[in-house]
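Visitor: just the structure for this:
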Amino acid sequence: QDVLFDLGVRMADLAHQDFVMKAESIKDIRHAAETGRMAHIFALEASTMIENEVDRLDVLYGFGVRQMGIAYSEANMLGGGLKERGDGGLTYFGERAVERMNKLGIAIDISHSGDQTCLDVIRHSVKPVFITHAGARGLWPTNRMKTDETIIECAKRGGVIGIEAAPHTTISPQHPKHSLESVMDHFQYCVDLVGLEHVSFGPDTLFGDHVGLHDAFSSNLSLGQAHANVEYEKQPYVDGIENPAEAFYNIIGWLVKHNYSDDEIRAVVGGNTLRVLEEVWV
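Guide: Residues are numbered from 1 along each chain as shown. Okay, the predicted model is just below:
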């Protein structure tokens, strides 16, 4: 009920904007681009609110939700989250939920799911799956990053990983102070691992003091468990990719500087995602 209330309030606000529109399909996204507006896709980072009622997915779809995570760090009725000591994988109910999401046309996100749950979802889904915002554990060994196996299996089935940039996530040994350069280290690692057509960006940034937000809500966001086992130097912000206004501008600049072609850049800043959505949203 809380989620439906929040969705309703935000949709009422969107209905009175002229620069952004609610989008539920590829057609809507293209219409927004043609008319100089931004397409807003409603998404939820977990499916916890459906509890054990698979029909609630239909209700959320009816409200315009077109993307859902399986679990947000903590385990739920569908499967395991990345913060848990053990991950039992996708539950029988989770399998039913994945099947329903496939049938409805809800894109599935496994960014915050546990390792076994990620693999189970990828294998059970008949549509490609997204890792909308994460990085490579091969570069930075925290639960918040994804294993090579998960990234490879996601790509094998046509999915895409979006490279994360929220503070103190996609750090790398080469650039231990979180910055645009460390974020792009994860991008290049994933491109080398699975190919450019399976990599995109999910900066996960916001306006304002993002580090301060994490400090205030660290227990709710499970940051301690998600980023455990490694030491890092805390930064006041992610240099070069601090907020939504500068994120893609600087990412594209980096790609140009590193000799990526126009077609390759189009693919990784949107084209790859649209390709998968065209298959998932039918």
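
Visitor: contacts only, for residue 78.
Guide: With contact set as C-beta atoms under 8 Å, 6 or more residues apart in numbering, residue 78 has these partners: 47, 70, 71, 90, 91, 93, 94, 97, 98, 117. Where you see a C-beta, it was placed from the backbone N, CA and C, and this is true even at glycine.

Visitor: which residue is the nearest non-sequential neighbour of it?
Guide: residue 94 (3.5 Å; C-beta to C-beta, 6 or more residues apart in numbering).

Visitor: can I assume the one you found sits in a helix?
Guide: Yes. Counting by DSSP: H, G, I helix; E, B strand; the rest coil, residue 94 is found in a helix.

Visitor: distance-wise, check residue 47 relative to residue 54.
Guide: Distance of residue 47 to residue 54, given as C-beta to C-beta, to the nearest Å: 10 Å.

Visitor: quick one: the helices in this structure?
Guide: For the chain, the helices defined by DSSP state H occupy 2-14, 26-34, 56-62, 92-104, 115-124, 148-156, 180-194, 210-216, 223-226, 244-257, 262-266, 272-280.

Visitor: redo those helices as JSON lines? Include mean pLDDT.
Guide: Below are the helices of the chain laid out as JSON lines (pLDDT from 0 to 100):
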{"stretch": "helix 2-14", "mean pLDDT": "96"}
{"stretch": "helix 26-34", "mean pLDDT": "97"}
{"stretch": "helix 56-62", "mean pLDDT": "98"}
{"stretch": "helix 92-104", "mean pLDDT": "98"}
{"stretch": "helix 115-124", "mean pLDDT": "98"}
{"stretch": "helix 148-156", "mean pLDDT": "98"}
{"stretch": "helix 180-194", "mean pLDDT": "98"}
{"stretch": "helix 210-216", "mean pLDDT": "91"}
{"stretch": "helix 223-226", "mean pLDDT": "67"}
{"stretch": "helix 244-257", "mean pLDDT": "96"}
{"stretch": "helix 262-266", "mean pLDDT": "98"}
{"stretch": "helix 272-280", "mean pLDDT": "98"}
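
Visitor: quick one: which of these is nearest residue 139?
Guide: Residue 139 sits nearest to helix 180-194 of all the helices of the chain, at 5.3 Å, using C-beta to C-beta.

Visitor: and the angle for the closest one with helix 244-257?
Guide: In terms of direction (axes from the mean of the first three to the mean of the last three C-alpha atoms, to 10 degrees), helix 180-194 departs from helix 244-257 by 60 degrees.

Visitor: check the offset of helix 180-194 from the chain's centre.
Guide: A distance of 16 Å separates the centroid of the chain from that of helix 180-194, by C-alpha atoms, centre = their mean, to the nearest Å.

Visitor: what does stretch 136-156 give?
Guide: With C-alpha atoms, centre = their mean as the basis, the mean position of stretch 136-156 lies at 13 Å from the chain mean.

Visitor: name the residues that touch that stretch?
Guide: 82-83, 110, 115, 118-119, 122-123, 128-131, 134-135, 160-161, 164, 169-173, 185-186, 189-190, 193-195, 198, 225-230.

Visitor: hmm, back to that, looking at residue 47 and residue 54 now, which is surrounded by more residues?
Guide: residue 47 (27 against 19; other C-beta atoms under 10 Å).

Visitor: quick one: that one from residue 212, how far?
Guide: To residue 212, residue 47 is 29 Å away according to C-beta to C-beta.

Visitor: list residues touching both of residue 47 and residue 54?
Guide: Shared contacts of residue 47 and residue 54, counting by C-beta under 8 Å, 6+ apart, come down to residue 97.

Visitor: so who does the residue nearest the centre of the chain touch?
Guide: Here the mean C-alpha position of the chain is nearest to the C-alpha of residue 132 (C-alpha atoms, centre = their mean), at a distance of 2.1 Å. Contacts for residue 132 (C-beta under 8 Å, 6+ apart) come out as 43, 67, 69, 109, 111, 162, 202.

Visitor: what comes up buried for stretch 135-142?
Guide: 135, 136, 137, 139, 140, 142 (16 or more other C-beta atoms under 10 Å).

Visitor: I meant to write stretch 120-136 there.
Guide: 120-122, 124-125, 127-136.

Visitor: could you do stretch 266-282 as well?
Guide: Across stretch 266-282, burial judged by 16+ other C-beta under 10 Å covers 267, 268, 272, 273, 275, 276, 277, 280, 281.
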